[in-house]
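[1] I would like to see how this sequence folds:
(one chain, ligands or ions: 2)
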Amino acid sequence: MEPLIRVHDLHKIYNPGENEVRALDGVSLEIQRGEFIAIVGHSGSGKSTLMNMLGCLDVPTAGSYFLDGQDVSHLSDNQLSDIRNQKIGFIFQGFNLIPNLDALGNVELPLIYRGMGRRQRRKAAAEALERVGLKKRMRHKPGELSGGQQQRVAVARAVAAQPPIILADEPTGNLDSHSTLDIMNILKGLHQSGRTVIVITHDDDIARQADRVVRIMDGHIEADYLNRENHADKERNTESEREDISHGIKKEQ
Ligand code: ADP
Ligand code: MG
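    Numbering: from 1, shown residues only. Ligands and ions are numbered 1, 2, ... in the order given. Below you'll find the model as predicted:
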């Protein structure tokens, strides 16, 4: 079966010419539906650049990217934005919430872009907020929420439309240890419900919680391995779930 993500010999060069930066220098990577994968590396190693490519936020200088079997390496901005709306939920280090909208309004926003009607989107947003434990905070604006709560709003926003892929760039980078645990548990739950979860981090403790780790250095992959303990747990209890996961379909969370 075609992998969900298939990247081959990807290059990204910023400022081509004398001061060029080879942020990605020949990355090849396959990610299957339902994986929980961490992309880990030091600051400046090219993680965010890779996230921008995988998330269809930017196009590579060279190389190919097939997402769900579709070549997305040469699409227009509009086409890329359609793909993002359909397939990807983003979580960023800085939460990126709109300050003058309350939690519900923030979570509803991407649903508007998807063309969902008002009543349906209000319901989907409320459910997503409830799932991250913020039922009582729906009417609060970001400034009235703690960092951990804001990131939970951002997670709700990322998942409300049930995208198959969750892409998180340093999602716990601005959080204390308690909120970090919350967010990682929510991401694990999303993975268990069948989503493909990709977490980008400089933090080995975060990376250890994923099933698979891809280490990036100076724009290329230096290691790609399974975290055996996490994997062994799954082997034991997911025989019956495997079919769902392999189809990349949402199972209720
Ligand atoms: P990471 O997320 O791992 O810290 P980045 O992908 O942000 O790494 O950056 C990789 C390299 O590309 C770094 O050397 C960075 O300075 C450079 N870089 C990132 N974005 C740009 C840009 N827009 N223009 C020029 N150089 C950039
Ligand atoms: Mg980064």
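[2] For beta bridges, what are the partners of the residue nearest to the spatial centre of the chain?
    Geometric centre of the chain, nearest residue: Leu167, 0.9 Å, by C-alpha atoms, centre = their mean. Per DSSP bridges, the residues bridged to Leu167 are Phe90, Ile198.
[3] Spell out which residues sit in contact with it, please.
    51, 54-55, 88-91, 198, 200 (C-beta atoms under 8 Å, 6 or more residues apart in numbering). All C-beta spots, glycine's among them, are computed from the backbone N, C-alpha and C.
[4] what about 10 Å?
    Going by C-beta atoms under 10 Å, 6 or more residues apart in numbering, Leu167 touches 39, 51-52, 54-57, 84, 87-92, 158, 196-200.
[5] State the distance from it to ligand 2.
    13 Å (C-beta to the ion, to the nearest Å).
[6] oh, and call the first residue 86 from now on, that's how I've got it
    In the new count, where the first residue is 86, that last one comes out as Leu252.
[7] chain center to whichever strand or helix holds Glu307, what's the gap?
    Secondary-structure element containing Glu307, defined by DSSP states H and E: strand 305-311. In this view, strand 305-311 has its centroid 19 Å away from the chain centroid, taken as C-alpha atoms, centre = their mean, to the nearest Å.
[8] got the buried residues for it?
    305-306 (16 or more other C-beta atoms under 10 Å).
[9] what packs against it?
    strand 90-99, strand 106-116, strand 121-125, strand 297-302 (3 or more C-beta pairs under 10 Å, 6 or more residues apart in numbering; DSSP states H and E).
[10] Pick the most deeply packed of the ones you listed.
    Ranked by mean neighbour count, the helices and strands packed on strand 305-311 are led by strand 121-125 with a mean of 24 (mean count of other C-beta atoms under 10 Å).
[11] Is it in proximity to ligand 2?
    No - using C-beta under 5 Å from the ion, strand 121-125 never reaches ligand 2; the gap is at least 10.2 Å.
[12] I'd like the mean pLDDT over the next helix or strand after that strand, please.
    Sequence-wise, the next helix or strand downstream of strand 121-125 (DSSP H and E) is helix 132-139. Average pLDDT, helix 132-139: 96.
[13] then helix 132-139 to CSV, C-alphas only?
    Provided in CSV are the C-alpha atoms of helix 132-139 (Å, rounded to 0.1, in the frame of the first residue of the first chain):
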residue,chain,number,x,y,z
LYS,A,132,13.3,20.4,11.6
SER,A,133,11.0,23.3,11.0
THR,A,134,11.9,23.4,7.4
LEU,A,135,11.0,19.7,7.1
MET,A,136,7.7,20.4,8.9
ASN,A,137,6.9,23.2,6.5
MET,A,138,7.5,20.8,3.6
LEU,A,139,5.5,17.9,5.1
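[14] list the buried ones in that helix?
    132-139.
[15] contacts for the strand holding Glu307?
    92, 95-96, 107, 109-115, 122, 124-126, 130-131, 135, 295-302, 317.
[16] That one pairs with which strands?
    Paired with strand 305-311 in the same sheet, following DSSP bridges, are strand 297-302 (antiparallel).
[17] Mean pLDDT for the helices and strands packed on strand 305-311 - can I get that in JSON lines?
    Formatted as JSON lines, these follow (pLDDT from 0 to 100):
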{"stretch": "strand 90-99", "mean pLDDT": "97"}
{"stretch": "strand 106-116", "mean pLDDT": "97"}
{"stretch": "strand 121-125", "mean pLDDT": "98"}
{"stretch": "strand 297-302", "mean pLDDT": "98"}
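[18] how about the ones you listed in CSV, adding distance to ligand 1?
    Output for the helices and strands packed on strand 305-311, formatted as CSV (distance: least, C-beta to the nearest ligand atom, whole Å):
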stretch, distance to ligand 1
strand 90-99, 3
strand 106-116, 3
strand 121-125, 9
strand 297-302, 7
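[19] Does Ser158 touch Ala147 like I think?
    Yes - Ser158 sits in contact with Ala147 when judged by C-beta atoms under 10 Å, with a separation of 8.8 Å.
[20] more neighbours, the two?
    Ser158 (18 against 12; other C-beta atoms under 10 Å).
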